[in-house]
Structures are given as C-alpha cells and as structure tokens.
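Participant: test case, fold it:
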Amino acid sequence: MINDLLCLTVLGCATPYASVDNPCSGYLVSSGETRVWVDAGSGTLAQLQRHVRLDEVDAIWISHLHADHSADLLTAYYAALFADIQLAAPIPLYGPPGIADRLAHFLTNNSTRSPVESAFAVHELYDGHQARVGALTVTSRAVEHGIPAFAVRIEAAGRSLVYSGDTAPCVNLTRLADGCDVLLCEAESAQAPPEGDQVHHTPEDTGDTASTARAGRLIVTHVGRFLTPQQAVARASARFNGPVDYAAPAATFSIG
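Facilitator: Predicted coordinates:
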C-alpha cells in the first residue's frame, strides 16, 4: 500500500563538511509515489539510495550553491549518464540562477561543454517560484545568505513542510512558514556575529522563527560545529512552545 503521508527523511545535515556518521545537507521528501531530493550535499547521494534509485526521483531542489548543499549533483550527473541508471527523461532540477553553468564548469574537461542538460532539466528559481511535482506543490522564496539562496514550502493533501535552507532570520522565511505543520530550520551559529551581516540562524533565532510563523512543530537542522544537537534543541525550545526535534541522520518524520 502506498503511503500518501507527507514524509521527511534526513539524509544528512552536517556543516560545513561531512562527519563520519553524518553527510552534509540533504533530505528526501515524499508523498505517495512522489519523491523529491532536497539539497544534495556531500555524501547524500549514497544515503538517498537506501530509499530510492536516482532514476526514481521525481525532482531535485537545491537551496543554494555552497558545496555542503549541492556537491553531490556532480556525482549524480555521472550516475545519470554513464552508469547503470537509465533515465526516461532528464531529472527536473530546481536551483538558484546559474546552476547549470556552475555544474558545467566543474564537469567540463575539454573545449566541449559538459551536457548537464542531458541529466537535468534545469529550472532556475526566483522569489515566489512555484512548481507542481507529482503530488507535491513546491513554493520557493528568496532568503538572506549572502548569495542567491532559497527556502521552500512543500505541500500535499493539506499538509505542509517548510525548509529554511541556509539563511539569516528574514521576513520571507517567516511568511513562507506561516501556519506550516513542520518547520525544518537551520541553527548553524552558536551566536550572531558581533559585526557584519548575519547569514545563519542561532538556535534562539530558529525558535523565534518557528514561533512567529506559528509552526506546528520545529525540527532543528544544520547545527554548527560549535554546538551539540542537544544544546541547539534546548536553546530553540526556550523560544518556541511547540514540539522541537533534531534532524538526526536517517530519521524519518511523518508530517500532519
């Protein structure tokens, strides 16, 4: 029997590099027969295959082009074109402006541009971008990370998951997350920078964002190297009254 619940599976959430037991940022979001790979950080392609083959993924969504969120697109390209994968069509890839050329620059080894579009049907994100992927409605908003970056709201059958990507607290994220069932929000920074632009959440910021957005549940992810998951959850819980969990690698959450 096909599970039509909206489900989140954590492939990894380490920053800024993978640890022994935790790949970088990546998630599998599914409902019914629809599966979306959300962020493709280092090590996540291997974990994805515990659940689905690459040719069973309906789309890939990338929040921004830092390597800990996108590097496994490079090996996914080789898997899609030069291995045992037989794609019926290029995999829809939703990502920041310039993503196709960025991939091509990494993958090109001679004067001929690598045919990244043979592996991926590229759709560049913009603020307010919306797409329908199988059973899922996918809405993206621009957020504040110092480079082009996006958060996403994924909805199916009246249930909703919002993923922050990497960002400082910002109005677009709070509005996108308004009334969501689950907010998957980064808590990379042990403290806000004393000067200069903020580009990540602290755990307190994460709790505040969830509270302001009236989220039903908060899952803390992308916890930085100077925090433990337990510290991040405790500090976020001090600012948000709802349930707070940690996005432990290999964990699966049913939404709604």
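Participant: got any ranges where the protein has weak pLDDT?
Facilitator: Within the chain, the set of residues satisfying pLDDT under 70 comprises 1-3.
Participant: wait, Arg153 touches Thr139, no?
Facilitator: Yes. Here Arg153 reaches Thr139: they are 4.6 Å apart, a contact under CB atoms under 8 Å. C-beta coordinates here come from the backbone N, C-alpha and C atoms, glycine included.
Participant: any residues in contact with both of these two?
Facilitator: Overlap of the contact sets of Arg153 and Thr139 (by CB atoms under 8 Å, 6 or more residues apart in numbering) consists of Leu176.
Participant: more neighbours: which of those two?
Facilitator: Set side by side, Arg153 and Thr139 give different neighbour counts by other CB atoms under 10 Å, the larger being at Arg153 (21 against 17).
Participant: hang on, the more buried one in a helix?
Facilitator: No. Following the definition DSSP: H, G, I helix; E, B strand; the rest coil, Arg153 is strand and is not counted among the residues of a helix.
Participant: all the helices of the stretch 151-256 of the chain, residue numbers only.
Facilitator: Read by DSSP state H, counting those that start in this stretch, the stretch 151-256 of the chain holds these helices, from start to end of the chain: 171-176, 203-212, 229-237.
Participant: what is the shortest one packed up against?
Facilitator: Read that as helix 171-176. Based on contacts counted as 3 or more CB pairs under 8 Å, 6 or more residues apart in numbering; DSSP states H and E, the elements that helix 171-176 packs against are strand 136-142, strand 150-156, helix 203-212.
Participant: how far off centre is the last one?
Facilitator: It stands for helix 203-212. Between the mean C-alpha location of helix 203-212 and the chain-wide mean there is a distance of 18 Å, by CA atoms, centre = their mean, to the nearest Å.
Participant: what's the answer for stretch 41-49, then?
Facilitator: Between the centre of stretch 41-49 and the centre of its host chain there is 13 Å, according to CA atoms, centre = their mean.
Participant: give the buried residues for it.
Facilitator: Going by neighbour count (16 or more other CB atoms under 10 Å), the buried part of stretch 41-49 is Gly41, Ser42, Gly43, Thr44, Leu45, Gln47, Leu48.
Participant: taking those residues, tell me the two that lie furthest apart.
Facilitator: Across those, the two members that end up farthest from each other (CB to CB) are Ser42 and Leu48, 12.5 Å apart.
Participant: about what we covered before: select, out of the helices and strands packed on helix 171-176, the one closest to Ser254.
Facilitator: strand 150-156 (11.9 Å).
Participant: name every strand pairing with the closest one and say which way it goes.
Facilitator: Taking DSSP bridges as the criterion, strand 150-156 pairs within the sheet with strand 136-142 (antiparallel), strand 159-163 (antiparallel).
Participant: the closest residue to Gly224 other than its chain neighbours: how many residues sit nearby?
Facilitator: Leaving aside its chain neighbours, Gly224 sits nearest to Glu188 (4.3 Å; criterion: CB to CB, 6 or more residues apart in numbering). Applying the criterion other CB under 10 Å, we find 23 residues in the vicinity of Glu188.
Participant: for this structure, what spans make up the strands?
Facilitator: For the chain, the strands identified by DSSP state E occupy 6-12, 26-31, 34-40, 59-61, 91-95, 120-124, 130-133, 136-142, 150-156, 159-163, 182-186, 217-221, 244-246, 252-255, in order along the chain.
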